[in-house]
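Trainee: Sequence first, then the predicted structure, then my questions.
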Amino acid sequence: MSISTEAELNGMKKISEVVAITLKLMRAFTKPGISTKELDDYGGEILKSYGAKSAPFETYGFPGYTCVSVNNEAAHGIPSENKILKEGDLINIDVSAELNGFWADNGGSFIIGKDLNNHQPLVDASKNILQKAISQIKGGVKIADIGYLMETEAKNSGFKVIRNLAGHGVGRSLHEKPENILNYRIKSNRERFKKNTTVAIETFIATKSTIAVEQNDGWTLIGNKGGYVTQHEHTIMVTDGLPLILTAANEIWN
């Protein structure tokens, strides 16, 4: 959406803070021995306490309040009582929600406890690439150029990007224009970031795969060539200079 009033900015700030705090608290709650449903229920209660509604549940009928993807799951993992978290697991939590007609989105991947499987370089690459990409976004910058930066940084780190998942506009609904803020460059895409718009910027950094494939449950995505995928995401407002990071309270860069 395009922010044109102080009330709109405040509305976006509020819901962004809600999803950011929910993600931060869910990260702190995560430990070996709990199920992903227990983790999701905890997140759902936080959203409810603010009067916010889960975006995937409200928009798409997703069977959970948040997406919780573990190990080889690239995205859209369904919370389950049967999925028990273990030391060394790679986990991604993606939290998006609506409050008073405004929507925001954020997410982050991290390792549970000790890094038993050497996932930290992949997690760090995802975080660092998101930080570099966001630092370059301002009004007038080509969306394709940010995609080029993301893919170049991934390659330089020894990784790949998932090509069929993308960041997107957000604000008055969960997914708005621009719809494909990709992790690679399409040269024919001449679209540019516009000042005062709100967008969700996210990385999808992978060890082996380049395409995310939907599983039989209709939701869970797994890489086409196996391996692992990490994702980090902030909702930002584009300005003439450095963007305003609306979901900074999630502390995914700390």
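Mentor: Thanks, I have the structure now. Numbering: from 1, shown residues only.

Trainee: any idea which element D41 lies in?
Mentor: helix 36-49 (DSSP states H and E).

Trainee: Could you list the buried residues of that helix?
Mentor: Burial within helix 36-49, assessed by neighbour count using 16 or more other Cβ atoms under 10 Å, is assigned to 36-40, 42-44, 46-47. Placement of C-beta: from N, CA and C, glycine included.

Trainee: And stretch 65-72, by the same measure?
Mentor: 65-71.

Trainee: Could you pull up the contacting residues of P79?
Mentor: 35-37, 39-41, 63-66, 68 (Cβ atoms under 8 Å, 6 or more residues apart in numbering).

Trainee: Q136 now?
Mentor: Applying Cβ under 8 Å, 6+ apart, the residues contacting Q136 are 145-146, 149.

Trainee: again, but for K160
Mentor: 154, 205-210.

Trainee: Quick one, which of the residues you listed are buried?
Mentor: For the contacts of K160, buried by 16+ other Cβ under 10 Å: 154, 205-207, 209-210.

Trainee: tell me what the helix holding D41 is packed against?
Mentor: helix 6-29, strand 53-54, strand 67-70, strand 90-99 (3 or more Cβ pairs under 8 Å, 6 or more residues apart in numbering; DSSP states H and E).

Trainee: now for the longest one, which elements pack on it?
Mentor: If contacts are counted by 3+ Cβ pairs under 8 Å, 6+ apart, helix 6-29 sits against helix 36-49, strand 90-99, strand 102-111, strand 229-237.

Trainee: so what strands line up beside the last one?
Mentor: This means strand 229-237. Looking at strand 229-237 with DSSP bridges, its partner strands are strand 102-111 (antiparallel), strand 198-206 (antiparallel), strand 244-245 (antiparallel).

Trainee: what's the next secondary structure element after the helix or strand where A125 lies?
Mentor: Using DSSP H and E, A125 falls within helix 120-135. Sequence-wise, the next helix or strand downstream of helix 120-135 (DSSP H and E) is helix 143-156.

Trainee: from the middle of its chain, how far away would the very next helix or strand once past that following helix be?
Mentor: Where DSSP H and E defines the elements, the next helix or strand beyond helix 143-156 is strand 160-161. Taking Cα atoms, centre = their mean, to the nearest Å, one finds the center of strand 160-161 at 16 Å from the center of the full chain.

Trainee: Same question for stretch 110-129.
Mentor: With Cα atoms, centre = their mean, you get 15 Å for stretch 110-129.

Trainee: what's that stretch in contact with?
Mentor: Here stretch 110-129 makes contact (Cβ under 8 Å, 6+ apart) with 27, 30-32, 85-91, 108-109, 149-150, 153-154, 157-159, 203, 205, 207, 228, 230-232, 252-253.

Trainee: let's go with 6 Å and repeat that
Mentor: For stretch 110-129, the external contacting residues (Cβ atoms under 6 Å, 6 or more residues apart in numbering) are 30, 85, 87-91, 109, 150, 153, 157, 159, 203, 205, 228, 230, 232.

Trainee: Flag every buried residue along the helix or strand of the chain with the lowest mean pLDDT.
Mentor: One helix or strand of the chain scores below all others by mean pLDDT, DSSP states H and E: helix 55-60, with a mean of 92. In terms of neighbour count (16+ other Cβ under 10 Å), helix 55-60 has its buried residues at 55-58.

Trainee: that older thread, rebuild the helices and strands packed on helix 6-29 as a markdown table, extending it with distance to Y184 and mean pLDDT.
Mentor: Shown next, in a markdown table, are these (distance: least, Cβ to Cβ, whole Å; pLDDT from 0 to 100):
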| stretch | distance to Y184 | mean pLDDT |
| --- | --- | --- |
| helix 36-49 | 30 | 98 |
| strand 90-99 | 20 | 98 |
| strand 102-111 | 19 | 98 |
| strand 229-237 | 14 | 98 |
